[in-house]
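[1] Pasting the sequence and the predicted model now:
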Amino acid sequence: MTSFEEAETEETVTCLHLTFYHPCQDEKMMFCCLNFCKREQVRADETAKFGRDSSVCRYNLMDTRVSRIQFALQFFRKLHTSENCFEIKNLSKKTKLTVNQTELGYLNKIDLPWKCIICFGDYQILAEIQEGESMDYFEIHLHLAEAPILQERCLPCLPSLQPVPENGISPSFFLSQGKSPTEIDENELC
């Protein structure tokens, strides 16, 4: 056998992409301790903590309005499935944390949806999970947003309020096709 044949099968790794935004990020440099350049491996049994206390938190936010430990992310596997997931726990006694409009008080936790927006104070974090197979470790890839993730703080994460016709085809589809919708009697359908 060749070394290629004897090599272990490569596993894909679950990666949590976190895109950060704060309205004063250019002036205050609160993200200066975060590494936005590469994916970072984290052991599956470790908790990824975010906050301003560098002796406790793996990911430091340099802002006095951030709690010593703001929140933690824990990797886990759902019971009776092969699905890898994350849960988020609010570890701040002073600041509530929201995940897609679900408010978490101190020590509250929730499973992280595959794509969601995490907010606390003026911080906005877009979290996206890229599924993988490995149970030994996961990766965290940090990104920095140039513009706000939420354009309107009062309407976070709401779906489009445009009406959808009964046939399920959006009028914008016809406009992009250079056609306009035509009304037909339902009795004319084949």
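    Thanks, I have the structure now. Residues are numbered from 1 along each chain as shown.
[2] drop to CA atoms for contacts and neighbour counts, all remaining ones
    Noted.
[3] can you give me the strands for this structure?
    For the chain, the strands defined by DSSP state E cover 15-21, 40-43, 47-51, 59-60, 71-77, 84-90, 97-99, 102-104, 109-111, 115-120, 123-130, 137-144.
[4] Mean pLDDT and mean neighbour count for these - can I get that in TSV?
    What follows is these, written out as TSV (pLDDT from 0 to 100; neighbours: other Cα atoms under 10 Å):
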stretch	mean pLDDT	mean neighbour count
strand 15-21	97	22
strand 40-43	95	14
strand 47-51	97	21
strand 59-60	96	21
strand 71-77	96	19
strand 84-90	96	20
strand 97-99	97	22
strand 102-104	97	16
strand 109-111	97	16
strand 115-120	97	20
strand 123-130	97	20
strand 137-144	96	19
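[5] of all those, which lies closest to Gln151?
    Closest of the strands of the chain to Gln151 is strand 123-130, at 10.5 Å (criterion: Cα to Cα).
[6] For the closest one, which outside residues touch it?
    Strand 123-130 is contacted from outside by 14-23, 114-119, 148-150, using Cα atoms under 8 Å, 6 or more residues apart in numbering.
[7] same deal with stretch 43-54?
    With Cα under 8 Å, 6+ apart as the test, stretch 43-54 has contacts from 42, 56-64, 66-76, 135-138.
[8] Which strand residues bridge the residue nearest the centre of the chain?
    For the chain, the residue nearest the mean C-alpha position is Ala127 (0.9 Å; Cα atoms, centre = their mean). On the basis of DSSP bridges, Ala127 is bridged to Leu18, Cys116.
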